[in-house]
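In: What shape does this take:
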Amino acid sequence: MTVGTQPDVTVIIGAYEAMPYLVECLASVEAQTIDPARLEVIAVDDGSTDGTGDCLEEFAARVPMPVTVIRQENSGGPSGPRNVGLGKAAGRYVFFLDADDRLGPEALERMVAMADENGTDVVLGRVEGINRTPPKSMWGKTLPRTDVFSSNIKFTLSAQKLFRRSLLERHGMRFDESLFTGEDALFTLEAYLRADGVSVLADYTCYYLVGRDDGKHVTKTGSYTLRFDSARALMALIEEMVPAGDKRDVLMVRPFLITLLPQFGPRFLKDSEEVRRHKLELAKPLMDAHWTAGVARRLRVHERLRLHLVARQRPELLLDVLEFMKAKKEPEARLEKRGTQVYLAYPHFRSKAAGIPDDIYLAEPREARAVPGYRAAAANTFLRRAVRKVRRTLRARNFKAAA
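Out: Now for the predicted structure:
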């Protein structure tokens, strides 16, 4: 890189015990089609003992782009190395690359071009999984400019995105080092909310999410209490940055559905009584503060029902629902009001003893459409009849005038 010129993108790699996956990760950086003069790499070895640091040093000595290798004591999580790298970055954009994953060859060139062409502050490149299941709902089509409310990007909050560095510096954004999991969700959602536009590059695989054979992924390890910490932090951020109403409810779906609800799924059946009680205790303040009708109606019936029972602190009823689901039973679909409403009769539907409101079991249109006999447009019957009446009146008047 010419002295005094600013690189287009800084790739930040935090690495801990990353061998042998790091070899292919670094090879994917070296294979980038972007001019090496437009690229810099900052790699932070977070106290590894498996040769990770030596591998990074060898890479730095061999490749044409500038590479800074930092070795430090283990920080205990991914936030520390990322923050160190971010503090050293000089690029117009930064990209956070996990040491066991890899980039598509044209990833950086395409993402920088997308951001420059559209003036956007964040770019999401299509992700594919290798022995892992990546998020999928946001890759339907390329979106030159969108936001977190009008797309599905809220369901991919990992840090592996292209971020305009001036956005991060202007708002003093760093990863929360007090969180062991979910720190990237907090960082990325804040960036979405502060960004002047987000781009989605869906027609090229930019990132390969690699499943380690040893299963050592941060998101799969650690105590369940860490998940509640993550949900609490994300909900607090949404409450702080988005006024109450539909937009806040749209975003709150994410922590409820992705972070909180899994704690009250099949694993809850295997939990001890003590753990069950503790999970409900941890969930209660979150439900009290953030569980609204607007969030509930955006969920499927079984999701809404389970979270309603968590909010009501009714574990005995929740266990019945979970056993029903474990047995792979299908709830009876009950059509009412001439087929305009569908209730899915999961356990305790219209049980006086349980006292669960009917609307908890009411299927929203996306779920109801799968039920034979559902009349999706019937809710507008009155309006349609009125329009037909007006049309008949106008036709009759025109006929009389012509006669």
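In: so what does the helix or strand that contains Leu307 touch, helix or strand wise?
Out: Using DSSP states H and E, Leu307 maps to helix 301-311. Counting contacts by 3 or more Cβ pairs under 8 Å, 6 or more residues apart in numbering; DSSP states H and E, helix 301-311 packs against helix 273-290, helix 293-296, helix 315-326. Every C-beta, even on glycine, is put in place using the N, C-alpha and C of the backbone.
In: Can you show me the CA trace of the last one as PDB?
Out: These are the backbone C-alpha positions of helix 315-326, laid out as PDB (Å, rounded to 0.1, in the frame of the first residue of the first chain):
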ATOM      1  CA  PRO A 315     -44.600 -24.100  33.800                       C
ATOM      2  CA  GLU A 316     -47.100 -26.900  34.300                       C
ATOM      3  CA  LEU A 317     -49.100 -25.800  31.300                       C
ATOM      4  CA  LEU A 318     -45.900 -25.100  29.300                       C
ATOM      5  CA  LEU A 319     -44.800 -28.700  29.900                       C
ATOM      6  CA  ASP A 320     -48.100 -30.000  28.500                       C
ATOM      7  CA  VAL A 321     -47.500 -28.000  25.300                       C
ATOM      8  CA  LEU A 322     -43.900 -29.100  25.000                       C
ATOM      9  CA  GLU A 323     -44.900 -32.800  25.400                       C
ATOM     10  CA  PHE A 324     -47.600 -32.300  22.700                       C
ATOM     11  CA  MET A 325     -45.000 -30.900  20.400                       C
ATOM     12  CA  LYS A 326     -42.400 -33.500  21.200                       C
END
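In: what's the average pLDDT for that helix?
Out: For helix 315-326, mean pLDDT is 98.
In: Which strands or helices does it pack on?
Out: Short answer (3+ Cβ pairs under 8 Å, 6+ apart): helix 315-326 packs on helix 266-270, helix 273-290, helix 301-311.
In: closest one to Met235 among the helices and strands packed on helix 301-311?
Out: The closest approach between Met235 and any of these, judged by Cβ to Cβ, belongs to helix 273-290 at 5.0 Å.
In: Stretch 134-147: how far from the chain's middle?
Out: 12 Å (Cα atoms, centre = their mean, to the nearest Å).
In: about what we covered before: so which of the helices and strands packed on helix 301-311 is nearest Ile42?
Out: helix 273-290 (36.2 Å).
In: doesn't Pro135 fall inside a helix?
Out: No - counting by DSSP: H, G, I helix; E, B strand; the rest coil, Pro135 is not part of a helix but coil.
In: residues in contact with it?
Out: Val127, Phe155, Thr156 (Cβ atoms under 8 Å, 6 or more residues apart in numbering).
In: Strands - which of the residues you listed land there?
Out: Val127 (DSSP state E).
In: one step back: buried deepest among the helices and strands packed on helix 315-326, which one?
Out: Counting by mean count of other Cβ atoms under 10 Å, helix 301-311 has the highest mean neighbour count of these, with a mean of 22.
In: what is the mean pLDDT for it?
Out: Averaged across helix 301-311, pLDDT comes to 98.
In: which residues touch the nearest residue to Pro331 once chain neighbours are set aside?
Out: Excluding the flanking residues, the one nearest Pro331 by Cβ to Cβ, 6 or more residues apart in numbering is Leu344, at 4.3 Å. By Cβ under 8 Å, 6+ apart, the residues touching Leu344 are Val301, His302, Pro331, Glu332, Ala333, Arg334, Tyr361, Ala363, Glu367.
In: what residue ranges in the chain are flagged as low confidence?
Out: 1-4, 214-222, 377-403 (pLDDT under 70).
In: so what are the domain limits for it?
Out: The chain is divided into the following domains under automatic domain parsing: 9-219, 223-329, 331-403.
In: Off-centre distance for the first one?
Out: Taking Cα atoms, centre = their mean, one finds domain 9-219 lying 15 Å from the centre of the chain it belongs to.
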